[in-house]
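**Student:** I would like the atomic coordinates for the input below:
(one chain, ligands or ions: 1)
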Amino acid sequence: MAGKEAQAKQRTGAYLAAPATDDNSGFAEDQAGIGTVAEAATGDAASAVTHIAATGQPLTTPSAIADASPSMAQFLEIKAAHPDCLLWYRMGDFYELFFEDAAIAAACLGIVLTKRGKHAGQDIPMCGVPVHRADEYLQRLIRAGHRVAVAEQLEDPAEARKRGSKSVVRRDVVRLVTPGTITEEALLDAKVRNYLTALFRPPVQAVAGSGSAGSFALASVDISTGEMEVGEIAAADLPGELARLAPGEVITSDGVLADADVRGWIVRLGAAATPVPNAYFDSLGGEASLKKHLKVAELGGFGSFTRAELAALGAILKYIELTQMGQQPALRPPKRSGSDAILLIDAASRASLELVRSASGDRQGSLLSAIDRTVTGSGARELAARLASPLRDVARINARLDAVGYLIGQENLRADLRAALNAAPDIARATSRLSFGRGSPRDLAAVRDGLACAARCADLLENEASGIGLPEELQRIASEQRAVTPDLSAMLTDALVEDPPHLKRDGGFVRPGYRAELDDVRRLKEDGRGVIAGLEAKYVEQTGVKSLKVRHNNILGYFIEVTQGNAKPLLEEPLVSEFRHRQTMASAVRFTTVELSEIEGRIASASERALSLEQEIFADLARAIEASVDGLGRIAAALAELDATAALAELAREEDYVRPVVDNSRVFDIRGGRHPVVEQALRAAKAGAFIENDCVLSASGSISEDDTTQIAHASATTEHDGNIWLVTGPNMAGKSTFLRQNALIAVLAQMGAYVPARSATIGALDRLFSRVGASDDLARGRSTFMVEMVETAAILNQASDRSLVILDEIGRGTATFDGLSIAWATVEYLHDVLRARALFATHYHELTDLARRLAGVVNVTIDVREWQDDIVFLHKVKSGAADRSYGIQVAKLAGLPAGVVGRAREVLALLEKSERGKSSRNGGLDDLPLFAASQPATPPPQPAGPTALELALDVMQPDELTPRAALDAIYRLKMLRAERS
Ligand SMILES: Nc1ncnc2c1ncn2[C@@H]1O[C@H](COP(=O)(O)OP(=O)(O)OP(=O)(O)O)[C@@H](O)[C@H]1O
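**Tutor:** Next comes the predicted model:
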């Protein structure tokens, strides 16, 4: 490559000018300006795209291809086969893009759009990225929602030249890269699963009067790990299921995508929506290809699949085949994800509870980030999957809790396991890359190190087990760690150097002593170097030039170099017959000899042989891994589970969580509960202790089949005895926090984690609904109130007596009486019909009357104290209803201008008076002095009374404080003191 051009490329990293590759086939005959640096400005090139469009000539018609030069015809043919992808066209050390693809990629990547040659009389817009930075650019295009077809050179340009000087290097697309089919480490987030999901809507069975909205089958595969799951769900549960799976890409038929709701759900998740032909959803084909992938004759061993599930599986396997150009991923047997297995949480509730992402869309601030103590990427993915899919089966939940509990008790074992896991590489992703033929020597080493880690973990667990009984879950994990014979581990350890290089191309990863022949040729190579050193000494003596050197570069190979001043004797007899002149530089002259060329040849062939032996060894090792792919998948899954379990134990220890009692009752009894995220945030901000609260939703008037458990828990209920708690309290008192914390405790308990509480008993929930905080959905033409009503309708239509419902301020976005009536009727329905356990926060004080009418409704409020016209939040839940809302004090705290606050007080006083006097609606308001709002309010006299600091001290109960809470309380007191001074 010309020096200037190389520099230009290095500067930008991306393409500036046409490459001078050894491939002369590309657009050779059109290359008017090749070799000159970026002659086209972005504007020129952009207009070139327009010109092509302006000619009205579609690029890839058969006649356009027939008229084109051979190299252009090759490009157009490949492009015609992949019209929906950006085509990355390999030319030497660059991937290049042409025509509209170039314009799109240049804009997206922020690289220069240039031009290269002409087509149909128009400039061809072009941009390119260097191969060594391909991953980085690929990632940006995929993130922006593009699909990329990667066309590689399938032969050496020298091969092509043998067919004639004008022949074109063979190229073809080796892979389509789409958001759901990436495997490269650099393109993936280590902590996030990347699902490709096939969505299939089977035709609704025409059952007279059924009115069924049908169902959906979903099959999901993470091809970077081989993880697969499949299930069928009711149409109403689709948004929640999509939110649970959080796929990177959803493939489905045009018909399903035409449904604006379905498309909207997919897009809102940030997933790509890819249409595929209906024919992909073929259940017979799906069954056959699943059997082929799993190498089984019958699927019975993996459970029974519905035809719809097989159709979804068929589509996903076909799409993988298509995008991977026939390369087979190493798939794990599919997990069933039917709706009976998991606690169903709809999409709106998932978002409102901020389970895996906060309201702003980040991981930070979510429950997941607050509880994640994993030390490996695969452990983090497992933890996220558990959190997204809490269980319903009490036995499975308790099995997980047993394992977590055991590791809490075994501090040393936990520390040793976590230290061992810390060094564990991502076996699943490494194995997957190897089975796609994209693996590197580092992936081989990842399998080697992963196996060593698995063996170490199994030893640790089993040694421990000889003392105290290991829970079943950990026994299973330990035995899974031995799913691959030690031979593979020994083979990889013997074959690989400790820290192998990233690229297999250059060799250097096989350990000396592993293969005798490789050692021999390596020695030959080394010897050659020794012989060259000897030759240099000989030539110094022969020529008498002491500064003579034998050097090497990539263009000349080995050569003899002397300074200009010393060159003369070598150019004259007798030396000239031996020393052949090669190059004259400004300060040096270069020569070669027959002897040097021979030795160079020997070294080169030894290098070549060594390289090819290393490639053979790589292939052997990759094959051995491929043969153990099932066992490796099991080991990877077990390591991930172990990491997640140990991390939950670590969390429970660090954060002082307790083991929840999860059973089949309808009890919901949380004592001393805390909000896991707010608690940590308050601590990080040194903003005082989190005030713990009880929540006891006893299912009085029970219809449970499990009455014995009910009775067992009856003694645990308090004076707040009801399955619906109506929470009233001032703004900012902590209502939303209280509501959410109870939902989060339930989620944590059912995922098999310890919970932030002093004690917790939860009768396993079937569904969890949380409607906290309003949002509008203007994109779908829905106002805040409409969204709220749609979500409330979904809750009332789906909740059962096994569900937990969290509702915050239903009905506030409309006229007071309408909103109040809706809220009233909703509570009645929850109480009388659904008999769900529910927490209902409201500012409608009228609703508190319901507690007198409905046996299962209990009023609770969040305590505040007034002090000198200000309000102090105690955040403590207590029996009873709030007497007022303190909205104006909160508004004052928020910094509303004093004039507005004063005026609001006046309006409030009049409204209250008119309400008491039952005067006409506006009568009171009309009495207000005009322009009062503009008058600055006189500060109220300072009444004598306890200070905020004193109040805080008053409510503190030293006997109930844990050491940490005491420390936090001290910070809080210091803060109040600081505020006062
Ligand atoms: N139990 C608690 N202990 C300590 N601080 C708390 C507690 N509960 C809430 N807070 C703090 O109070 C703030 C307000 O809480 P929250 O948003 O739950 O109030 P709210 O009653 O729902 O308010 P609004 O009615 O205005 O929506 C929280 O951000 C948190 O910092």
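
**Student:** domains in this structure, by residue range?
**Tutor:** As given by automatic domain parsing, the domain ranges for the chain are 3-177, 187-339, 372-513+628-654, 516-617, 657-895, 948-980.

**Student:** now those in JSON lines, with mean neighbour count and mean pLDDT?
**Tutor:** Heads up, the C-betas are built off the backbone N, CA and C, glycines and all. Below are the domains of the chain laid out as JSON lines (neighbours: other Cβ atoms under 10 Å; pLDDT from 0 to 100):
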{"stretch": "domain 3-177", "mean neighbour count": "18", "mean pLDDT": "70"}
{"stretch": "domain 187-339", "mean neighbour count": "19", "mean pLDDT": "87"}
{"stretch": "domain 372-513+628-654", "mean neighbour count": "20", "mean pLDDT": "92"}
{"stretch": "domain 516-617", "mean neighbour count": "15", "mean pLDDT": "88"}
{"stretch": "domain 657-895", "mean neighbour count": "19", "mean pLDDT": "81"}
{"stretch": "domain 948-980", "mean neighbour count": "13", "mean pLDDT": "74"}
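
**Student:** got those domains as JSON lines, with distance to Asp362 columns?
**Tutor:** Formatted as JSON lines, those follow (distance: least, Cβ to Cβ, whole Å):
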{"stretch": "domain 3-177", "distance to Asp362": "16"}
{"stretch": "domain 187-339", "distance to Asp362": "12"}
{"stretch": "domain 372-513+628-654", "distance to Asp362": "13"}
{"stretch": "domain 516-617", "distance to Asp362": "44"}
{"stretch": "domain 657-895", "distance to Asp362": "13"}
{"stretch": "domain 948-980", "distance to Asp362": "26"}
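
**Student:** export those domains to JSON lines and tack on distance to the ligand?
**Tutor:** Listed next are these as JSON lines, based on distance: least, Cβ to the nearest ligand atom, whole Å:
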{"stretch": "domain 3-177", "distance to the ligand": "33"}
{"stretch": "domain 187-339", "distance to the ligand": "23"}
{"stretch": "domain 372-513+628-654", "distance to the ligand": "19"}
{"stretch": "domain 516-617", "distance to the ligand": "60"}
{"stretch": "domain 657-895", "distance to the ligand": "3"}
{"stretch": "domain 948-980", "distance to the ligand": "9"}
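
**Student:** Ser366: which of those domains is closest?
**Tutor:** Nearest to Ser366 among the domains of the chain is domain 657-895; the distance by Cβ to Cβ comes to 7.4 Å.

**Student:** so Pro247 sits against Arg193, correct?
**Tutor:** No - using Cβ atoms under 8 Å, Pro247 makes no contact with Arg193, being 9.1 Å away.

**Student:** for the residue nearest to Glu654 when sequence neighbours are not counted, phi and psi?
**Tutor:** Excluding the flanking residues, the one nearest Glu654 by Cβ to Cβ, 6 or more residues apart in numbering is Arg373, at 7.2 Å. Here is the backbone geometry of Arg373 (degrees, to the nearest 10): phi -120, psi 20.

**Student:** let me see the contact set for Arg373.
**Tutor:** By Cβ atoms under 8 Å, 6 or more residues apart in numbering, the residues touching Arg373 are Ala647, Leu648, Glu650, Leu651, Glu654.

**Student:** closest one of the residues you listed to Arg964?
**Tutor:** The closest of the contacts of Arg373, once distances to Arg964 are taken by Cβ to Cβ, is Glu654, at 10.7 Å.

**Student:** which residue is the nearest non-sequential neighbour of the spatially most central residue of the chain?
**Tutor:** With distances taken as Cα atoms, centre = their mean, Val192 lies nearest the centre of the chain, 3.0 Å away. Among residues not flanking Val192 along the chain, Arg381 sits closest, at 6.7 Å (Cβ to Cβ, 6+ apart).

**Student:** the one you found should be in a helix, yeah?
**Tutor:** Yes - under DSSP: H, G, I helix; E, B strand; the rest coil, Arg381 sits within a helix.

**Student:** doesn't Tyr195 make contact with it?
**Tutor:** No - counting by Cβ under 8 Å, Arg381 sits too far from Tyr195 to count as a contact (10.6 Å).

**Student:** contacts only, for the closest residue in space to Val550 that isn't next to it in sequence.
**Tutor:** The shortest distance from Val550 to any non-neighbouring residue, by Cβ to Cβ, 6+ apart, is to Glu536 (4.3 Å). Going by Cβ under 8 Å, 6+ apart, Glu536 touches Leu548, Lys549, Val550.
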